[in-house]
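> how would this look folded up:
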Amino acid sequence: MSHSSSLARLRPLRWAALPLLAMLGGCDAVVLNPAGDVAMQQRDLVLIATALMLLIIIPVMALTVLFAWRYRKSNTEAEYDPHFDHSTMLELVIWSAPLLIIICLGAVTWTSTHLLDPYRPIERTAPGQPIAANVKPLEVQVVALDWKWLFIYPEQGIATVNELALPVDRPVEFRLTGTSVMNAFYIPAMAGMIYTMPGMETKLHAVMNREGTFHGLSSHYSGAGFSGMNFPVYALQANGFDQWVEKVRTSQAGQGKGKGELTRASFLTVEKPSEYVPAMYFNGVQGGLFDRVVNRCVAENTPCMSEVMMHDRMTGGGDPHKMKVGEGNPPVNNTGPMHGERTKGALEKSPEEIQTSPHQSKEPLPSNGVQQPGDMKNRRMSFLSIPQTPGPLTLGHAGAGRG
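Numbering: from 1, shown residues only. Alright, predicted model coming up:
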């Protein structure tokens, strides 16, 4: 066969490879080439786990091909033993190798899970570079909105929307919450994702080790504007970060990205659902705003969850800050540790304590709410039925007046 005829036969294969090249063009290796020490440790964990699993996968695939070739029907030289049923050595290899790999995987996963706990403050900025005792982590308060990200810098007194800047080699402590459905905060070059939920606060500790512009996103579907919940992450040296902070601090309302001060009233405006929102700068932040977002009491005359829970744990009156845990009207579950008793499980109860429950097919009782969206009868929150009690805490001003 001539060389030209061989090339002619290969030409169709070139076109067949084009779809594969197009798919490779969409690959992003940022997870395997991160810019932060935490993400690097997570990458190493992925590589170690993959290598351990390949210790079984590759030999099995190779032996499958080898056995199919060696014991093919046309190979008359292969040994044929129809009475073979057991081999101690073969059984030992088949069971011991996977068992050892599982033990190694379990040990690596267990140690890494504790060392890379997102709630645990990091102890180094890079291998061999422990954090000095006088270095304070940069606190960034993150609020997931529909459909954008709000970043509050309490130390600097500024806030941004859909733009995040971080200093290189300085530990960062993210405090995260949300205002609507669940989201997932994810900067692949810095650390793994962490969920955000309304009424709850999660934490993430990480660090950036090199300068650059990286990509942040929401990795959990949250509705119509989910695809626009992306933001740039600028990793800057200390002086560059200070310049960025000064740029945000000196921004004026109505000029470019400037929006003035982020107050409770302006937060309620920013909170409204919007899609593909450009970056915004706030040159000031009202004190305690993030805590109010967590406690669901940004709007005026709205009791904070923390105040409501304290009200539930206090007596019929008096100063809630002087009450002892366990005093006052018991909550719905009055057998919990708050009242000095441990709740009994079903297996620990005596026969006379065990009662039957209604069958699942029983006709349900009529609902106390209504089907019309937004009707107040559907908002049967605990604080709406709290009776007025003497003392400084009342429904009219619970949680109010806290900057």
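
> could I get the buried residue list for the helix ranked longest in the chain?
Within the chain, and with DSSP state H defining each element, the longest helix by residue count is helix 37-70. Residues Asp37, Val38, Ala39, Met40, Gln41, Gln42, Arg43, Leu45 are the ones in helix 37-70 that count as buried (16 or more other CB atoms under 10 Å). For the C-beta atoms, the positions are set from N, CA and C on the backbone; glycine is no exception.

> one more: stretch 112-131?
Residues of stretch 112-131 classed as buried: Ser112, Leu116, Pro118, Ile122, Thr125, Ile131 (neighbour count, 16+ other CB under 10 Å).

> so which of those are in helices?
Counting by DSSP H, the buried residues of stretch 112-131 place Ser112 in helices.

> how about the strands in the stretch 201-350 of the chain?
Counting by DSSP state E, counting those that start in this stretch, the stretch 201-350 of the chain has strands at residues 202-206, 212-218, 230-236, 261-262, 280-282, 284-285.

> contacts only, for Ile187.
Leu164, Ala206, Phe214, His215, Gly216, Val233 (CB atoms under 8 Å, 6 or more residues apart in numbering).

> what about 7 Å?
Phe214, Gly216, Val233 (CB atoms under 7 Å, 6 or more residues apart in numbering).

> any regions of the chain where pLDDT drops low?
Scanning the chain for pLDDT under 70 picks out 1-28, 313-349, 351, 353-403.

> can I see the domain layout of it?
Using automatic domain parsing, the domain ranges for the chain come out as 27-75+90-116, 137-294, 302-329.

> any idea which of those is most buried?
Compared across the domains of the chain, domain 137-294 shows the largest average neighbour count, a mean of 18 (mean count of other CB atoms under 10 Å).

> how about the domains of the chain in a markdown table, adding distance to Glu352?
Below are the domains of the chain laid out as a markdown table (distance: least, CB to CB, whole Å):
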| stretch | distance to Glu352 |
| --- | --- |
| domain 27-75+90-116 | 43 |
| domain 137-294 | 39 |
| domain 302-329 | 27 |
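
> of all the strands of the stretch 201-350 of the chain, which one is nearest Val294?
Comparing those by their distance to Val294 (CB to CB), the top pick is strand 202-206, with 10.3 Å.

> residues making contact with that closest one?
36, 38, 118-122, 171-176, 190-191, 194-196.

> go on, stretch 235-248?
Looking at what lies outside stretch 235-248 - CB under 7 Å, 6+ apart - the contacts are 35, 156, 158, 160, 165-168, 208, 210-212, 214, 234, 281, 283.
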